[in-house]
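Novice: Provided below for reference: sequence and predicted model.
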Amino acid sequence: MKFDLDKALVHQVVLISGEEDVLRRRALATLVDTASGGDEFDLEAFFGDSSNPQEWLGSCGTAPFLSPRRVAV
């Protein structure tokens, strides 16, 4: 299935899945680059084994500073 960036950008939560690792990573990189507007201040990455849902929600609940949205991965 083709990744639809415009459709993904209108949602607050996006699940990227599929059997092709390269296609998933490419879709994720495109989504993050576009959503963050190239500003890493409003971009935060979490690793599931060293963080918890409270941290994710706290980050996502923070208002963006220099971009139209915050991105948490």
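Specialist: Arrived safely.
Novice: tell me how far the helix or strand that contains residue 25 lies from the chain's centre.
Specialist: In this assignment (DSSP states H and E), residue 25 forms part of helix 21-36. How far helix 21-36 lies from its chain's middle: 8 Å, per CA atoms, centre = their mean, to the nearest Å.
Novice: next SSE after that helix?
Specialist: Assigned by DSSP H and E, the successor of helix 21-36 is strand 43-44.
Novice: now do the helix or strand just after that next one: which elements does it pack against?
Specialist: Toward the C-terminus, strand 43-44 is succeeded by helix 53-60 as the next helix or strand (DSSP H and E). The contact analysis (3 or more CB pairs under 8 Å, 6 or more residues apart in numbering; DSSP states H and E) places helix 53-60 against strand 71-72. Using the backbone N, CA and C atoms, a C-beta is placed for each residue, glycine as well.
Novice: what's the mean pLDDT across the strand it packs on?
Specialist: Averaging pLDDT along strand 71-72 gives 78.
Novice: quick one: contacts of it?
Specialist: 32, 35, 36, 42, 43, 44, 45, 46, 56, 59, 60 (CB atoms under 8 Å, 6 or more residues apart in numbering).
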